[in-house]
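Visitor: Sharing a model that was predicted from the sequence below.
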Amino acid sequence: MKKTIIHISLVLSAIFIYICQSNFFSWFTIAGIMPNLFVILVLWIGLFSNRAIGTIYGLIIGMVLDLLLGHQIGVNSIGLGLIGFLSAIFDKNFSKDSRATIMVMVVVTTAIFESLTYFLNYIFVTTQLEIFNFIKILSIEIIYNVIMTIIIYPLFQKFGYYVENEYKGNKILTRYF
C-alpha cells in the first residue's frame, strides 16, 4: 500500500513539473532557456529508490515527453533512462546529505542529458553542429538547474528518505543475530 502511494505521488510530481515547466517557466527564462526539472526529478528518484525504478521512471517520463513535445521518439527516453541508471551509481558513491554533492550531481547529469540529446538529435535529425551555441545553452541550463535544486531539494529530501526507507529499508545483516 505504501509503495502504491509513493508511485502515485511520483506520477503526480511528474505531472506537476510538466505543468510548471510548460506554463510557469516559459515566462521566466534566462536568455530564452528554461530549466529541465525532469533531470532533477529522475535524479532524485534514482537516488532515493533504486536503479531499476530510477531507470524505469526515466524511460517512461522521457517517452511521455517525446510524445507530448513531438520530438524524435526515444531521445528524451534514452537520456532520462540513463540519468535514472547513473543516479543509483551516484547513490552508492556519494552522500545525499550534502547540498554541494547534490549540486555537482545535477551539473553532471544535466551535462550528460543535454550532450546526449544534442548528439542524438544531430545524428537522427541532421541539425547543424553549433558548438558555441550548445555550450552557451548548456551553461545557462546548468546554472538554472542548480538554482532550482537549491530551492526544491529541501522539499524533496524529507520525502526522499521516506521513499528510501520503503524501498531499501534497513537491510544490514549483523554478524551475530
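Guide: Sure thing, it's come through.
Visitor: CA only for contacts and neighbour counts going forward, please
Guide: Fine.
Visitor: any idea how far Q72 is from L65?
Guide: 10 Å (Cα to Cα, to the nearest Å).
Visitor: The two: who's more crowded?
Guide: More crowded of L65 and Q72, by other Cα atoms under 10 Å: L65, with 19 against 15.
Visitor: Could you pull up the contacting residues of the nearest residue to the more buried one once chain neighbours are set aside?
Guide: Spatially, and ignoring its direct neighbours in sequence, L65 is nearest to N76 (6.9 Å; Cα to Cα, 6 or more residues apart in numbering). Applying Cα atoms under 8 Å, 6 or more residues apart in numbering, one finds that N76 lies in contact with L59, G62, M63, L65, D66, T117.
Visitor: where along this protein do the helices fall?
Guide: With DSSP state H, the ranges of helices along the chain come out as 2-19, 37-48, 51-69, 75-93, 99-125, 131-167.
Visitor: could you dump those helices to CSV with mean pLDDT and distance to S26?
Guide: Shown next, in CSV, are these (pLDDT from 0 to 100; distance: least, Cα to Cα, whole Å):
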stretch, mean pLDDT, distance to S26
helix 2-19, 87, 10
helix 37-48, 90, 13
helix 51-69, 89, 14
helix 75-93, 88, 19
helix 99-125, 88, 19
helix 131-167, 85, 13
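Visitor: ranking these by burial, who's on top?
Guide: Ranked by mean neighbour count, the helices of the chain are led by helix 37-48 with a mean of 26 (mean count of other Cα atoms under 10 Å).
Visitor: sorry, back to before: could you check how far the residue nearest to L65 is from W27?
Guide: 23 Å.
Visitor: cool, and L65?
Guide: 20 Å.
Visitor: again with I53
Guide: 32 Å.
Visitor: swap in K158?
Guide: Relative to W27, K158 is positioned 29 Å away (Cα to Cα).
Visitor: What residues does the most centrally placed residue in the chain make contact with?
Guide: By Cα atoms, centre = their mean, the chain has its centre lying nearest to V39, at 2.3 Å. Applying Cα under 8 Å, 6+ apart, we find V39 in contact with L80, I83, V106, T109, T110, F113.
Visitor: mind listing what the nearest residue to the fourth one once chain neighbours are set aside touches?
Guide: Right, the one you point to is T109. Excluding its sequence neighbours, the residue lying closest to T109 (Cα to Cα, 6+ apart) is I83, at 6.2 Å. By Cα under 8 Å, 6+ apart, the contact list for I83 reads V39, V42, L43, G46, G54, T55, G58, T109, F113.
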